[in-house]
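Chemist: Next comes the sequence, and after it the predicted model I'd like to discuss.
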Amino acid sequence: MERDPGDFGQLRIAPSVLSADFGLLAEQVGEVSRAADWLHVDVMDGHFVPNVTIGPPVVASLRRHSSLYFDCHLMMTEPGKYLEAFAKAGADGCTVHVEIGGTSELIAQMRELGLRVGLALNPDTPFEAVQPYLGEVDLVLCMTVFPGFGGQRFIADVMGKVEQVRSAIQAGGFQVDVEVDGGIDTTTAPIAARAGANVFVAGNAVFGAERSWEAAESIRSAAHAALR
Ligand code: DX5
Ligand code: ZN
């Protein structure tokens, strides 16, 4: 079944399951889906980042409980080995990091598998690293923390790059979403929205709240008021 990712550039809230209670995953995803557009799934391999999280079996399990669009963020050194498994497990979009290289091949592989294609940049990776691929991807993810852990502080310095990405997309007439991930809450989402982001990943600010769906709705309202 095809799940609709929504129109390019549209405001979207993507709660990150990284901050959910993994013992209550289906239940918590069900609750947050009232206010979520996408579900952000953080995959960490212990090599690209110093942490290990979840893989295709968990995506497959969640798929049976949720009809949300699954936005899988692959913080992996060798995502190419696992893309097919993620696609089969029910991932809708996969995002790989530009720092690992082999980007053109990975983009081709994701397209071949019918995945929506994302390219992520760490906070210290320059805009130029993603620039050549803007015509080939569906999403650019500008990390606003160094990947590896939830609950870190938003790095506002990344906003210059978000502006560069958005301007280049507009200038080139490309259909690309701009996602921010890390330290996003009701204070930082508007800052990122003004810089040109339209997809907001939030882990701690959503699942750390008593009512995750209300927290997600608050972030949506805050971002909406500031969206370019
Ligand atoms: C960080 C992950 C993020 C993380 C965000 O490595 O890529 O998606 O879950 O969590 P918060 O919103 O808590 O910073
Ligand atoms: Zn992420």
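Modeler: Happy to help now that I have it. It should be emphasised that the depicted structure is a prediction, and the values quoted were computed from it without experimental measurement. Numbering: from 1, shown residues only. Ligands and ions are numbered 1, 2, ... in the order given.

Chemist: for D37, what are its contacts?
Modeler: By CB atoms under 8 Å, 6 or more residues apart in numbering, D37 lies in contact with G6, R12, I13, A14, L68, Y69. Every C-beta, even on glycine, is put in place using the N, C-alpha and C of the backbone.

Chemist: same question, Q164
Modeler: F127.

Chemist: Use 28 as the first number from now on
Modeler: Right, with 28 as the first residue, what we last looked at is Q191.

Chemist: Quick one: name whatever helix or strand follows the host helix or strand of it.
Modeler: For Q191, the element it lies in under DSSP states H and E is helix 186-199. Next along the chain after helix 186-199, taking DSSP H and E as the criterion, comes strand 204-208.

Chemist: So in that sheet, which strands flank that next one, and in what orientation?
Modeler: Sheet pairing here is set by DSSP bridges, and for strand 204-208 it gives strand 166-170 (parallel), strand 226-229 (parallel).

Chemist: Redo these as TSV? Include distance to ligand 2.
Modeler: Shown next, in TSV, are these (distance: least, CB to the ion, whole Å):
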stretch	distance to ligand 2
strand 166-170	7
strand 226-229	5
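
Chemist: So which of those strands is nearest ligand 1?
Modeler: Ligand 1 lies closest to strand 226-229 among those, at 4.7 Å (CB to the nearest ligand atom).

Chemist: Dump the closest one to PDB, keeping only the CA atoms.
Modeler: Coordinates of each C-alpha in strand 226-229 appear next as PDB, following Å, rounded to 0.1, in the frame of the first residue of the first chain:
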ATOM      1  CA  VAL A 226       9.500  19.000   8.200                       C
ATOM      2  CA  PHE A 227      10.000  19.000  11.900                       C
ATOM      3  CA  VAL A 228      11.400  15.900  13.700                       C
ATOM      4  CA  ALA A 229      10.900  16.000  17.400                       C
END
